[in-house]
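K.L.:
The sequence and its predicted three-dimensional model are supplied below.
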Amino acid sequence: MYDGDEKFLRIKAVIERTGCPKASIYRMIKEGSFPKQERIGRRSVGWRASRIARWMEAPTSYQEV
């Protein structure tokens, strides 16, 4: 499903929105308890804003699908 309004957030914006340090974000990604980043360019990655919002609703019960 494509959502034309979907925005991608870079790491700085993810840190600001979640309040989590960079190291914690990458640790949680490895554990599967935080949304994975997606490649958005040759040398850049980003996180879908909708997935970050879903994580923020229930961070302790989030599981990457």
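P.N.:
Yep, that arrived.

K.L.:
any low-confidence regions in the protein?
P.N.:
1-5, 65 (pLDDT under 70).

K.L.:
Mind doing that once more with 90?
P.N.:
Confidence mapping of the chain against pLDDT under 90 gives the ranges 1-6, 60-65.

K.L.:
Can you show me the strands along this structure?
P.N.:
8-9, 38-41, 44-48 (DSSP state E).

K.L.:
Would you format those strands as a markdown table with mean neighbour count and distance to Ala58 included?
P.N.:
Yep, even glycine has a C-beta here, placed from its N, CA and C like the rest. Converted to a markdown table, these look like this (neighbours: other C-beta atoms under 10 Å; distance: least, C-beta to C-beta, whole Å):
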| stretch | mean neighbour count | distance to Ala58 |
| --- | --- | --- |
| strand 8-9 | 17 | 19 |
| strand 38-41 | 10 | 21 |
| strand 44-48 | 17 | 17 |
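
K.L.:
okay, which residue of the protein is out on the far edge from center?
P.N.:
Most distant from the centre of the chain: Arg42, at 18.6 Å, with distances by C-alpha atoms, centre = their mean.
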